[in-house]
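A.B. asks: structure for the following, please:
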Amino acid sequence: MNAVIETKDLVAGYGERVVLEKINFHINQGEVVAVVGRSGSGKSTLLKHLIGLNPPLGGEVWIEGKNLAQTIGPERQELLRTFGVLYQSGALFGSMTVFENVRLPLHELTDLPDRAKDMVTNSKLRLVGLSDAANVLPAELSGGMQKRAALARAMALDPRILFLDEPSVGLDPITAAGLDETILQLSCSFGITFVIITHDMESIFTIASRVLMVDEEARTIIAEGKPADLRDHSKDARVRALFHRQARPQKQPRSTENGHQ
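C.D. replies: Residues are numbered from 1 along each chain as shown. Below is the predicted model:
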């Protein structure tokens, strides 16, 4: 299978501060991949580099066969439209209705007729179960409904890839489970590729086909594999601690699993 996302010796950080280095992985079309790690391990930093908010300090990020940092002008705009992003806060505009929020990318980035924009917006709201909430303001929604609205907006341009930053944070278990079900439906029905930054272990075991674990001391990926395999068979104390919710083990050398450095 051809990778839709690939990193090659990626170095991620800010200015002269390196947060992650020697990051090498690939993600195929339709996979649901969770990126996990302790707080401060670099998960959000990695996400910012994958979506082009921050340029690599070294190495490369490839999206659908194109080097993200080297695409400019119309080519870059076209590449950015292949993916959508759900930010942790939802980032909905409080003065706009749910319908207007979801319609905004269509208004700003397409030349579709207004009627077509409305039809697409209604279609996305149906996908996330928010047709009845189209005309309300975000503040009138529950936390779970706000996340669904933000997900609908992220899908407005029919992206083939969705990046989700802590989608279940702040949600009660039942609402989080409903969001997981929506993600699985989108993956199965439309073949959307998901990259999900998360701390939610229950969610990981429900939706993730593969897990990448980053570590703040090693400053790289220390484990990669299926969630159950990492939980049950990892020999790395750092991996076991995360998956079994144990206290942090004593500091150890930068050993890695599955060949990651």
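A.B. asks: residues touching S209, list them.
C.D. replies: Applying Cβ atoms under 8 Å, 6 or more residues apart in numbering to S209 gives the contacts E31, V32, V33, K226. In short, each C-beta sits where N, CA and C put it, glycine included.
A.B. asks: in the chain, where is pLDDT below threshold?
C.D. replies: Filtered on pLDDT under 70, the chain yields the residue ranges 1, 89-90, 246-261.
A.B. asks: run the last query once more with 50
C.D. replies: Where the chain drops to pLDDT under 50, the residues are 261.
A.B. asks: number of residues surrounding Y14?
C.D. replies: Neighbourhood size, Y14 [other Cβ atoms under 10 Å]: 11.
A.B. asks: for it, what are phi and psi?
C.D. replies: Here is the backbone geometry of Y14 (degrees, to the nearest 10): phi -140, psi 120.
A.B. asks: distance of it relative to P55?
C.D. replies: In this view, Y14 and P55 are 11 Å apart by Cβ to Cβ, to the nearest Å.
A.B. asks: what of T71?
C.D. replies: For T71 relative to P55 (Cβ to Cβ), the value is 12 Å.
A.B. asks: these two - which one has more neighbours?
C.D. replies: T71 (16 against 11).
A.B. asks: what ranges do the strands span in this protein?
C.D. replies: Listed in chain order, the strands of the chain (DSSP state E) span 3-14, 17-28, 32-36, 58-63, 66-67, 83-86, 161-165, 193-197, 210-215, 220-225.
A.B. asks: which residue sits closest to N101, ignoring its sequence neighbours?
C.D. replies: Residue nearest to N101 in three dimensions, not counting chain neighbours: L92, with 5.0 Å by Cβ to Cβ, 6 or more residues apart in numbering.
A.B. asks: check I23 too.
C.D. replies: That would be L10: by Cβ to Cβ, 6+ apart, it lies 3.9 Å from I23.
A.B. asks: endpoints of stretch 53-71, how far apart?
C.D. replies: 13 Å (Cα to Cα, to the nearest Å).
A.B. asks: could you pull out the buried residues of it?
C.D. replies: N54, P56, L57, G59, V61, W62, I63, E64, L68, A69, T71 (16 or more other Cβ atoms under 10 Å).
A.B. asks: off-centre distance for that stretch?
C.D. replies: 16 Å (Cα atoms, centre = their mean, to the nearest Å).
A.B. asks: which residues are in contact with that stretch?
C.D. replies: 2-14, 18, 21, 23, 45, 48-50, 52, 75, 79, 82-83, 160-161.
A.B. asks: which of the residues you listed count as buried?
C.D. replies: In the contacts of stretch 53-71, burial by neighbour count holds for 3-7, 10-13, 21, 23, 45, 48-50, 52, 79, 82-83, 160-161, counting by 16+ other Cβ under 10 Å.
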